[in-house]
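**Student:** Here is the input, now give the coordinates:
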Amino acid sequence: MKRITIEDFEKVEMRVGRIIAVQDFPKARKPSYRLTIDFGPYGIKRSSAALRLDYTPAELLGRQIVAVTNFPPRQIADFMSEVLVLGVIEHGGARAQAEGGGRIVLLQPDKEAELGARIG
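**Tutor:** Numbers count the residues shown, from 1 in each chain. A predicted model of the protein is given here:
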């Protein structure tokens, strides 16, 4: 494991957002959704998230999440992904063995949190 300094960590802006729209994203390489996320005073941002095997649109819509908001935008097929939604990737189980990946469990506040609040 490579160590970083607290100054390195402080450069990463992780903020609370709420998913306000979910659309299938068939052009992505992995089974994904196009998410629209409200970050309160930081505005509405979009993200490509490979979550289709782990979450339905109904499970995602309205859910609070944690995302990195200060990475540069990234082109995914014909879609510009502006933030990185964070989750735990579990490497055990049948799915991981069959598909070379793992189940994703999204990070979220354990209580309702202010949109745009910074994780720190």
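
**Student:** most centrally placed residue in this protein?
**Tutor:** residue 85 (1.4 Å; C-alpha atoms, centre = their mean).

**Student:** And that one, how far from residue 109?
**Tutor:** Distance, residue 85 to residue 109, using C-beta to C-beta, to the nearest Å: 14 Å. Where you see a C-beta, it was placed from the backbone N, CA and C, and this is true even at glycine.

**Student:** likewise residue 72?
**Tutor:** Residue 72 sits 26 Å away from residue 109 when distances are taken as C-beta to C-beta.

**Student:** and what of residue 51?
**Tutor:** The span separating residue 51 from residue 109 equals 18 Å under the rule C-beta to C-beta.

**Student:** okay, these two: which has more neighbours?
**Tutor:** When neighbours are counted by other C-beta atoms under 10 Å, residue 51 and residue 109 differ, and residue 51 comes out ahead with 23 against 13.

**Student:** what's the overlap in contacts for residue 85 and residue 109?
**Tutor:** Overlap between the contact sets of residue 85 and residue 109, as judged by C-beta atoms under 8 Å, 6 or more residues apart in numbering, is given by residue 66.

**Student:** Next SSE downstream of the helix-or-strand element of the chain with minimal mean pLDDT?
**Tutor:** Taking mean pLDDT, DSSP states H and E as the measure, the chain has helix 93-99 as its least confident helix or strand, at a mean of 51. Read in the C-terminal direction, the helix or strand following helix 93-99 is strand 103-106, with elements assigned using DSSP states H and E.

**Student:** same for that next one, what does it pack against?
**Tutor:** Under the contact definition 3 or more C-beta pairs under 8 Å, 6 or more residues apart in numbering; DSSP states H and E, strand 103-106 sits against strand 87-90, helix 93-99.
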